[in-house]
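Asker: need a structure here:
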Amino acid sequence: MDINKYPNHIKSGLTLGALSSMVMSCMPGVGISEVSSDKPNLIFVFADQWRAEAAGYAGNTQVKTPNIDKLASESVNFTTAISTCPVSSPARASILTGQYPLTHGIFFNDKHLADEATSIAEVYRENGYQTAYIGKWHLNGHPKGQDRNKHRTLPVPEDKRQGFKYWKVLECTHEYNNSTYYDEEDAKHRWEGYDAEIQTDSAIAYIRRNKEKPFMLFLSWGPPHDPYLTAPEKSRNIYTDWGNIKLRPNVPDTLSDVARKQIAGYYAHIAALDEYIGRMQDAVKEAGIESNTIFVFTSDHGDMLYSHALTHKQKPWDESVLVPFLLKYPGVFKEAREVTIPFVTPDIMPTLLGLCGLTIPDRVEGTDFSAYLLGRKNLKIKAGLIMCPVPFHQWSFQNNGREYRGVRTERYTYVKDLKGPWLLYDNLPDPYQMDNLINKPEFAGVQKQLGKELDRLLKMTRDEFREADYYMKKWNYDYD
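Answerer: Predicted structure coming up:
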């Protein structure tokens, strides 16, 4: 075996024997091959509110995702990818910083991500990469006491862009047709048509222009977040017979009609985005950079869509906390594989930096999975942390929201609120989480072990698990 054919950031520190052992110890279906450069490109595509089960490769036979299914057949598929704080701004802040919400301070939407942490874009930029962001941002926030909806329409100042240079961004909108955005000079423009499509075209143009030099590109779509009935007509026409949509068993019969209609719209958005994933994949191949490009598809969080008679996110059930996470890197991972151990939002940044051979900042709290993916070491991760430090907006206290902390393992979900143990599910026989096992004597041992793991994670993240008002006062936030 010729050790010199491997990129420096993979072979660094390995002897020939160690590299041979690495290849032999990789999980079944995984191989490692040469790449053309020591600086792989990164394309990070993420949607808003796309739950893990809503794809063909995940077993959903109704949603049409042929391009994403093909991507999954070529990718590392993280089957227990967890949105630690499953709501927009907190998840996005953790993606950019590799930190937990109570560290970076974004546990509530429309709050400003401060620049104390080193962002993923800053690291790439310091290492000679071009950096680009296109789409929804939702991390600029608004001054206390001012109108959050107004500030969602304003430009993000250059010094608040967290290291991204190329910039075609709006803070936040859910008007997906003819929406506006700002460029690097704060000039206002409009995406003519369905914005996710034109944003994708812009991303493809960026790839073509920058194919000769290393780049990292974030493409952030607003759909399939509601409103659900605003996808392109071509996609909506796929689901005109919405009355025949098969619902998850945890959707109450009394909500079946509204659920089917909204899910049809949700799937229509997904069908459109799936087409754009296909375009992105074609563009990478045509640019001749496929083998040396890490391509990620994921989401910030999921969507309840009437499961357990609930909507939207923030909740601790799988529809809210589990997200798709596919990582394709054909120059290194020759074949598809599944990773079943829990992979949480703060793990994204260090893992991507690790795969690119870049130094991970000291303040990053997530786990670097790169050596595990390359077969260089084992990871003994039992659970991923899930949390809602402050329920707000669609899940406010008035809407029965509550503070919680919990763990999601490969098999179990365990959650506590401020009153004590709240939820326990064995997700193997009960994938729709319909049988709450909390405090049942026959599961006392499991509950105790999961409680210990939760306590360990809370200690690790310095989380006191206090009432919402404590955190709002600590960070000088209001509930607007």
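Asker: regarding residue 471, what is its secondary structure?
Answerer: Using DSSP: H, G, I helix; E, B strand; the rest coil, the secondary structure recorded for residue 471 is helix.
Asker: residues near it, how many?
Answerer: For residue 471, the count of nearby residues is 20 (other C-beta atoms under 10 Å). (Glycine included, C-beta is placed from N, CA and C.)
Asker: ok, for it, nearest residue in space, not its chain neighbours?
Answerer: Closest residue to residue 471 apart from its sequence neighbours, by C-beta to C-beta, 6 or more residues apart in numbering: residue 389 at 5.1 Å.
Asker: ok, residue 230 next?
Answerer: Nearest to residue 230 is residue 176, by C-beta to C-beta, 6+ apart, at 5.3 Å.
Asker: residue 167 versus the one you found, what's the distance?
Answerer: Separation of residue 176 from residue 167 (C-beta to C-beta, to the nearest Å): 20 Å.
Asker: close enough to count as contact, the residue nearest to residue 471 and residue 468?
Answerer: Yes - counting by C-beta atoms under 8 Å, residue 468 is a contact partner of residue 389 at 6.6 Å.
Asker: how far is stretch 172-192 from where the chain is centred?
Answerer: The chain centroid and the centroid of stretch 172-192 are separated by 23 Å under C-alpha atoms, centre = their mean, to the nearest Å.
Asker: pull it out as CSV, backbone CA atoms only.
Answerer: Taking Å, rounded to 0.1, in the frame of the first residue of the first chain, the C-alpha atoms of stretch 172-192 are listed here in CSV:
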residue,chain,number,x,y,z
CYS,A,172,-35.4,35.5,7.9
THR,A,173,-38.5,35.1,5.8
HIS,A,174,-41.1,32.5,5.1
GLU,A,175,-42.4,34.1,2.0
TYR,A,176,-40.7,31.8,-0.5
ASN,A,177,-41.8,33.4,-3.8
ASN,A,178,-40.1,36.6,-4.9
SER,A,179,-38.4,37.1,-1.6
THR,A,180,-35.7,39.7,-1.0
TYR,A,181,-32.0,39.4,0.0
TYR,A,182,-28.9,41.6,0.5
ASP,A,183,-25.5,41.3,-1.1
GLU,A,184,-22.0,42.0,0.3
GLU,A,185,-22.6,45.7,-0.1
ASP,A,186,-26.0,45.7,1.6
ALA,A,187,-27.7,46.3,-1.7
LYS,A,188,-31.2,44.9,-1.8
HIS,A,189,-32.3,42.4,-4.5
ARG,A,190,-35.1,39.9,-5.2
TRP,A,191,-35.1,36.2,-5.9
GLU,A,192,-37.4,36.1,-8.9
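Asker: would you mark the buried spots in it?
Answerer: 172-173, 176, 179, 181-182, 191 (16 or more other C-beta atoms under 10 Å).
Asker: which pLDDT value goes with residue 142?
Answerer: The model reports residue 142 with a pLDDT of 88.
Asker: would you tell me which helix is longest in the protein?
Answerer: What stands out as the longest helix in the chain, according to DSSP state H, is helix 256-286.
Asker: would you mind pulling up the elements that it packs against?
Answerer: Contact here means 3 or more C-beta pairs under 8 Å, 6 or more residues apart in numbering; DSSP states H and E; on that basis helix 256-286 packs against strand 41-48, helix 66-72, helix 195-209, strand 215-224, helix 233-236, strand 293-299.
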